[in-house]
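1. need a 3D model of the sequence below.
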Amino acid sequence: MIRINLLPHRAEKRRNRQIQFAVLSAISVLLGALLVVFVHAWLSGEISHQERRNKYLTDEIARLDKQIDEIKKLREQTASLLVRKDAVEKLQSDRSDVVHLLDQMLRILPEGVHLKTLKQTGTRIALVGYAQSNARISTLMRAIEDSEWLESPALVVITASGAADARASQFTLTFSLTKAAPVPTPAQPVKAAKPDGAKG
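-> Residues are numbered from 1 along each chain as shown. Purely as a prediction, here's the structure:
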């Protein structure tokens with residue numbers, strides 16, 4: 001028996017294809033939207049993570065900068081304290097120099113020599129004075145050479161003095177102040193010689 005389909009089968013097929021297309025389109029749009037949401041969420045998470053890392057690095061850099069500033073201040077304070085320490089040590093080491101200088105000048109100044117000025121620059125001393133003769137200046141220079149605290153005398157100039165004593169000459173002399181005098185070694189006691197024939 002022959003069956004004849006009188007229904008519009010082509011229109012039915014077209015409608016079915018349209019429904020399939022609409023469903024596939026809706027599924028594609030839904031999948032695309034889900035993919036976009038997923039990608040957006042992933043990117044947002046990565047951005048948030050990177051921002052947290054950047055904030056951590058910024059905070060650490062700020063903390064390190066603060067520590068560096070503190071270290072710089074400590075170094076400046078240390079340098080300042082070292083300078084003060086050196087100055088105090090230098091003052092302590094030099095405070096006795098003037099005492100030794102004046103003491104030595106009182107001891108070695110020969111008769112007929114008078115001091116006008118005495119100027120110290122570091123360990124170098126500049127002396128200006130009056131002497132009745134050149135021989136007395138030579139005596140003063142020899143005394144400086146023999147002193148334990150003074151050394152290297154050098155005569156700069158001798159000029160005629162305008163003082164009332166026409167025989168006096170004005171002279172300029174330089175010498176150095178030593179930092180430490182040699183410590184004298186104690187003399188060894190001399191043993192008395194035994195007489196001949198004496199028993200030990």
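
2. could you use CA atoms for every contact and neighbour count after this?
-> Noted.

3. how far does stretch 141-158 sit from its chain's centre?
-> Centroid separation for stretch 141-158 versus its chain: 39 Å, with Cα atoms, centre = their mean, to the nearest Å.

4. any idea of the mean pLDDT for it?
-> In this model, stretch 141-158 has a mean pLDDT of 87.

5. tell me the buried residues in it?
-> 141, 143-145, 147-151, 153, 158 (16 or more other Cα atoms under 10 Å).

6. what does stretch 21-32 give?
-> Using 16+ other Cα under 10 Å as the test for burial, stretch 21-32 gives no buried residues.

7. what number of residues lie near Pro8?
-> Using other Cα atoms under 10 Å, Pro8 is surrounded by 8 other residues.

8. how about the contacts made by it?
-> Listed by Cα atoms under 8 Å, 6 or more residues apart in numbering, the contact set of Pro8 is empty.

9. residues touching stretch 130-138, excluding its own?
-> Residues outside stretch 130-138 that contact it (Cα under 8 Å, 6+ apart) are 110-116, 161, 167-171.

10. now the buried members of the residues you listed.
-> Neighbour counting by 16+ other Cα under 10 Å classes 110, 113, 161, 168-171 among the contacts of stretch 130-138 as buried.

11. pull the most distant pair out of these.
-> Pro110 and Ser161 (18.5 Å; Cα to Cα).

12. adjacent strands (with direction) for the strand or helix carrying Glu151?
-> Glu151 is part of strand 150-160 when elements are defined by DSSP states H and E. Paired strands of strand 150-160, with direction, are strand 169-177 (antiparallel) (DSSP bridges).

13. pull the residues that contact the lowest-mean-pLDDT helix or strand in the chain.
-> Ranking every helix and strand in the chain by mean pLDDT, DSSP states H and E puts helix 97-108 at the bottom, with a mean of 81. Helix 97-108 is contacted from outside by 140, 143-144, 147, 149-150, 177, 179, using Cα under 8 Å, 6+ apart.

14. can you list the buried residues in it?
-> Here helix 97-108 shows 97, 100-101, 104-105, 108 as buried, counting by 16+ other Cα under 10 Å.

15. check which element follows it along the chain.
-> Following helix 97-108 in sequence, per DSSP H and E, is strand 113-121.

16. please pull up the helix or strand immediately following that following strand.
-> Next along from strand 113-121, by DSSP H and E: strand 124-131.

17. next, the angle strand 150-160 makes with that next one.
-> Counting by axes from the mean of the first three to the mean of the last three Cα atoms, to 10 degrees, strand 124-131 lies at 40 degrees to strand 150-160.

18. run me through the strand neighbours of strand 124-131, direction for each.
-> strand 113-121 (antiparallel), strand 169-177 (antiparallel).
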